[in-house]
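Q: model the structure of this input:
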Amino acid sequence: MPSPDDHPLRTESDSLLRNTSGTARDRDPAEPVEELEIEAAIGRNVRLLRLQQGLTVAETAARVGISKAMMSKIENAQTSCSLSTLALLAKGLDVPVSSLFRGADVERPAAFVKSGTGARIVREGTREGHEYQLLGSLRGEHKRLECLLVTLSEKSRTYPLFQHPGTEFIYMLEGVMDYSHSRSVYRLHPGDSLQIDGEGAHGPVDLVEVPIRFLSVIAFPDSQV
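A: A predicted model of the protein is given here:
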């Protein structure tokens, strides 16, 4: 049986979704973040306009009058467009120059919680020795993300069993517990993680070594926003 350190290198098909659906670039520490926001907005809008018009990168580059390589860099926010290039893009895509900046001035939400200041919340599983601390709840355009720090410090005769829409990710920080999901039971040690369909009944079935602390991150689907 292979050890945890024997995982093979990821292939391109195993790439992170954010790497295949978003952009990434190196940044000089002295470079203002605001400039990156503008470049990202231009790339996002150019790609959207190109797709709306049913064009490939090569076809758009030819229409605009720039190289295919430059077109790719623009879409991936890997270059800063000059005013002349912006004018060519707007003309080639038949849109006003201002439309290329759409969304650049939108403040994107974030939730920052200082250590120890997360709100203690009461939920169905709250009881003596079971504590739930909210680390942030972020409502996006398409989903809601809820993050909890769960502490289980005392064994109990009964344990909560949860079911909810969406996907839950659990990451063990301290202690050892047996955690059930659907018809399976997983023994979780520090550093172990578990990702589950929230619709399946789940919860701790045995607190093997207390205290236990773990992170619980739930991504609720669109219909729950």
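Q: which other helices and strands does the lengthiest helix in the chain contact?
A: Identified as the longest helix of the chain according to DSSP state H is helix 33-52. For helix 33-52, the elements it packs on are helix 57-64, helix 68-75, helix 83-93, judged by 3 or more Cβ pairs under 8 Å, 6 or more residues apart in numbering; DSSP states H and E. C-betas here are computed from N, CA, C, even on glycine.
Q: adding mean neighbour count, distance to G198 and mean pLDDT, write the ones you listed out as a markdown table.
A: Shown next, in a markdown table, are these (neighbours: other Cβ atoms under 10 Å; distance: least, Cβ to Cβ, whole Å; pLDDT from 0 to 100):
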| stretch | mean neighbour count | distance to G198 | mean pLDDT |
| --- | --- | --- | --- |
| helix 57-64 | 18 | 39 | 94 |
| helix 68-75 | 18 | 35 | 91 |
| helix 83-93 | 16 | 42 | 93 |
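Q: wait, which of these is closest to T158?
A: Of all the helices and strands packed on helix 33-52, it is helix 68-75 that lies closest to T158, at 54.7 Å by Cβ to Cβ.
Q: what lies in contact with the closest one?
A: The contact list for helix 68-75 (Cβ atoms under 8 Å, 6 or more residues apart in numbering) reads 42-43, 46-47, 50, 57-58, 60-61, 64, 79, 81, 85, 89.
Q: so for the longest helix of the chain, what gets flagged as buried?
A: Neighbour counts over helix 33-52 (16 or more other Cβ atoms under 10 Å) mark 37-47, 49-50 as buried.
Q: show me the chain divided up by domain.
A: With automatic domain parsing as the criterion, the domains of the chain are listed as 12-101, 119-224.
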